[in-house]
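Participant: model the structure of this input:
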Amino acid sequence: MYPNYYYIGLEAITVGNVRAAEVPASLSEFDSLGNGGMKMDSGIAYTHLPKPFYSQVLSILQSTINYPRDTGMEMKTGFDLCYKVPCPNNNTLADDLLPSITFHFLNNVSLVLPQGNHFYAMSAPSNSTVVKCLMFQSMDDGDDGPAGVFWELPAAKRGGRL
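Facilitator: Numbers count the residues shown, from 1 in each chain. Okay, here's the model as predicted:
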């Protein structure tokens with residue numbers, strides 16, 4: 001149905017060393033009509049996951065991250081998790097302070113997201129901190145179309161590396 005898109009089945013998501021609960025079958029299985037699975041899309045700005053699974057991923061992130069939340073930024077942007085993260089020397093690239101997120105796809109393929117692809121700096125550093133928000137959003141778990149959308153920052157915006 002959508003010949004210009006690529007689909008892949010998702011088996012799991014790991015936050016740091018914690019594996020998220022059971023992935024819904026709708027994310028791991030897809031058909032030739034474009035129903036189910038994860039649609040790969042570099043033109044969309046966020047990774048979308050179905051609501052129940054998305055909530056599990058958020059819960060794991062919240063239990064793993066010990067930085068103060070910026071609920072004002074969450075209300076302003078509509079993102080669910082925004083944190084005030086230390087940035088020594090006002091360097092927004094001090095990304096190793098947040099947990100890694102790994103997508104585990106079918107056929108034993110895993111991708112550790114580059115840090116700037118899951119938490120994005122929403123402002124310039126101030127007082128040696130920067131507000132970073134999770135670039136994931138929830139979506140309805142419907143019967144038609146992809147069950148999730150996987151966003152990968154285009155190579156040109158991340159220095160040409162994968």
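Participant: Ser26 is in contact with Pro50, isn't it?
Facilitator: Yes - using Cβ atoms under 8 Å, Ser26 is in contact with Pro50, at 6.7 Å. For every residue, glycine as well, the C-beta is placed using N, CA and C.
Participant: quick one: contacts for the closest residue to Pro24 other than its chain neighbours?
Facilitator: Take Pro24 and drop its neighbours on the chain: the residue closest to it by Cβ to Cβ, 6 or more residues apart in numbering is Phe53, 5.6 Å away. Listed by Cβ atoms under 8 Å, 6 or more residues apart in numbering, the contact partners of Phe53 are 20-21, 23-24, 27.
Participant: how about the host helix or strand of Leu58: buried residues?
Facilitator: Leu58 is part of helix 51-64 when elements are defined by DSSP states H and E. Judged by neighbour count (16 or more other Cβ atoms under 10 Å), helix 51-64 contains these buried residues: 53-54, 56-58, 60-61.
Participant: got the residues you listed as a markdown table, with pLDDT and distance to Thr71 columns?
Facilitator: Compiled in a markdown table, the buried residues of helix 51-64 are given as follows (pLDDT from 0 to 100; distance: Cβ to Cβ, whole Å):
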| residue | pLDDT | distance to Thr71 |
| --- | --- | --- |
| Phe53 | 89 | 23 |
| Tyr54 | 91 | 19 |
| Gln56 | 92 | 21 |
| Val57 | 93 | 19 |
| Leu58 | 94 | 14 |
| Ile60 | 94 | 19 |
| Leu61 | 94 | 15 |
